[in-house]
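J.: Can you look at this prediction? I've put the sequence above it.
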Amino acid sequence: MAQTVTSKKMALAKAINESLRRALDADPKVVVMGEDVGKLGGVFRVTDGLQKDFGESRVIDTPLAESGIVGTAIGLALRGYRPVVEIQFDGFVFPAYDQIVTQLAKMHARSLGKVKLPVVVRIPYGGGIGAVEHHSESPESLFAHVAGLKIVSPSNASDAYWMMQQAIQSDDPVIFFEPKRRYWDKSDVDTEAIPGPLHAARVVRAGTDLTLAAYGPMVKLCQEVADAAAEEGRSLEVLDLRSVSPIDFDAIQASVERTRRLVVVHEAPVFFGSGAEIAARITERCFYHLEAPVLRVGGYHAPYPPARLEETYLPDLDRVLDAVDRSLAY
């Protein structure tokens, strides 16, 4: 009997599209909302074809009003729907920040657990596409600081597909950060696989000398760093965190106890970034295992620069390798 093939190669953006399509098909209470998500299919075409197949009442083109989009989603969630809203670019989320922080994140606790808010807020984020400020930022730590929100970011198409499924099924609000520079990167997606937990980190490359921890757009860079280091006889472990809140500290600790060194990499500014919390927690947990301080590589504490300067601003191979060299020098 022939075996059914459920795995196929697709781009990260296409994987999100297929995941949304599956969710819309499976549950009539799932709705997709946002600026230009319907007829246009989104500025990155992530929602392409969904309105045509599911109609304007399920895939809804909204006004340019992010606060209104999230506020409407909260109202729909209170009535039993599972809204998935798109914020067109990372820097556009701030008109909705009040709704997300003061309402979406707090209603469950405010109601003593009686109210659930299964809302997914999709945010294309990060640089690397030659865009200007408000189109290339990484504000994940601003949301991770807020209790009541879950913050995740896939690094590949398979995770994008399954993490979106899990986010939509979650009764808690999920901020889903999509690494726009990776939208066109292709990998195998098994649409019938059984996914692991949404917030579990994953070792994507085993190593013995040092751990590189990253999420979203920086995982691929860390794998490239590990390849370059291997040519010099160094064995680096690459850990894909996948979730920024909660963070899988147990997985990071287990890796650091093996390698005894840790470098955290993210596009967001290092100052008060997620790497700072990881460095503090792992220093507390692994003090007697560490052979070097936990180092961080990220963006600078400055407004996002013009496109011609973004490659200087963002972490690259040389900057991460420099941190690896400094850690191994201890």
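T.: Happy to help now that I have it. Numbering: from 1, shown residues only.

J.: quick one: contacts for the nearest residue to Ala65 once chain neighbours are set aside?
T.: When the adjacent residues along the chain are set aside, Ala65 lies closest to Pro95, with 7.4 Å between them (C-beta to C-beta, 6 or more residues apart in numbering). Placement of C-beta: from N, CA and C, glycine included. Listed by C-beta atoms under 8 Å, 6 or more residues apart in numbering, the contact partners of Pro95 are 65-67.

J.: hmm, which of these are the buried ones?
T.: Glu66 (16 or more other C-beta atoms under 10 Å).

J.: isn't Arg58 right next to Lys29, touching?
T.: No. Using C-beta atoms under 8 Å, Arg58 and Lys29 do not qualify as a contacting pair, with a distance of 9.8 Å.

J.: what's near enough to touch Glu231?
T.: Taking C-beta under 8 Å, 6+ apart as the definition of contact, Glu231 has no neighbours.

J.: typo on my end, Leu290
T.: For Leu290, the contacting residues are 256, 260-262, 282-283, by C-beta under 8 Å, 6+ apart.

J.: Just give me the longest helix of the protein.
T.: With DSSP state H setting the assignment, residue counts place helix 12-26 as the longest helix in the chain.

J.: picking that back up, quick one: the residue nearest to Ala65 from Phe176, how far?
T.: Distance of Pro95 to Phe176, given as C-beta to C-beta, to the nearest Å: 18 Å.

J.: can you tell me the helix or strand for the closest residue in space to Pro154 that isn't next to it in sequence?
T.: In space, not counting the residues next to it along the chain, Pro154 is nearest to Ala160; the distance is 4.1 Å by C-beta to C-beta, 6+ apart. When secondary structure is defined using DSSP states H and E, the element that contains Ala160 is helix 157-169.

J.: Would you map the strands across this structure?
T.: Assignment of strands within the chain using DSSP state E yields the ranges 7-11, 30-34, 59-61, 82-86, 120-125, 150-152, 174-179, 186-190, 202-205, 210-214, 236-240, 243-245, 262-269, 295-299.

J.: The fourth one: partners in the sheet, and parallel or antiparallel?
T.: Going back to what we said before, that points to strand 82-86. In its sheet, strand 82-86 lies beside strand 30-34 (parallel), strand 120-125 (parallel), with partners assigned from DSSP bridges.

J.: Next: the third one.
T.: For strand 59-61, the pairing partners within the sheet under DSSP bridges are strand 30-34 (parallel).

J.: The strand it pairs with relative to helix 157-169, how many degrees between them?
T.: Using axes from the mean of the first three to the mean of the last three C-alpha atoms, to 10 degrees, one finds that strand 30-34 and helix 157-169 are set 110 degrees apart in direction.

J.: outside of strand 30-34, which residues touch it?
T.: By C-beta under 8 Å, 6+ apart, the residues outside strand 30-34 that reach it are 20, 23-24, 42, 47, 50, 57-62, 69, 72-73, 76, 81-88, 122, 168.

J.: hmm, which of those are the buried ones?
T.: The neighbour-count test (16+ other C-beta under 10 Å) applied to the contacts of strand 30-34 identifies 20, 23-24, 42, 47, 50, 58-60, 62, 69, 72-73, 76, 81-88, 122, 168 as buried.

J.: Please work out how many residues are found near Ser235.
T.: Other residues near Ser235 come to 14 when the count uses other C-beta atoms under 10 Å.

J.: and if you look at the one 10 residues further on?
T.: Other residues near Ser245 number 21, with proximity taken as other C-beta under 10 Å.

J.: Equivalent analysis for Val37, please.
T.: The criterion is other C-beta under 10 Å. On that basis, Val37 has 27 neighbouring residues.

J.: pretty sure it is touching Glu56, no?
T.: No. Assessed by C-beta under 8 Å, Val37 is found out of contact with Glu56, at 10.9 Å.

J.: ok, back up a step: turn the strands of the chain into JSON lines, columns for distance to Leu317.
T.: Conversion of the strands of the chain to JSON lines gives the following (distance: least, C-beta to C-beta, whole Å):
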{"stretch": "strand 7-11", "distance to Leu317": "23"}
{"stretch": "strand 30-34", "distance to Leu317": "34"}
{"stretch": "strand 59-61", "distance to Leu317": "40"}
{"stretch": "strand 82-86", "distance to Leu317": "32"}
{"stretch": "strand 120-125", "distance to Leu317": "21"}
{"stretch": "strand 150-152", "distance to Leu317": "26"}
{"stretch": "strand 174-179", "distance to Leu317": "17"}
{"stretch": "strand 186-190", "distance to Leu317": "21"}
{"stretch": "strand 202-205", "distance to Leu317": "15"}
{"stretch": "strand 210-214", "distance to Leu317": "12"}
{"stretch": "strand 236-240", "distance to Leu317": "13"}
{"stretch": "strand 243-245", "distance to Leu317": "23"}
{"stretch": "strand 262-269", "distance to Leu317": "11"}
{"stretch": "strand 295-299", "distance to Leu317": "11"}
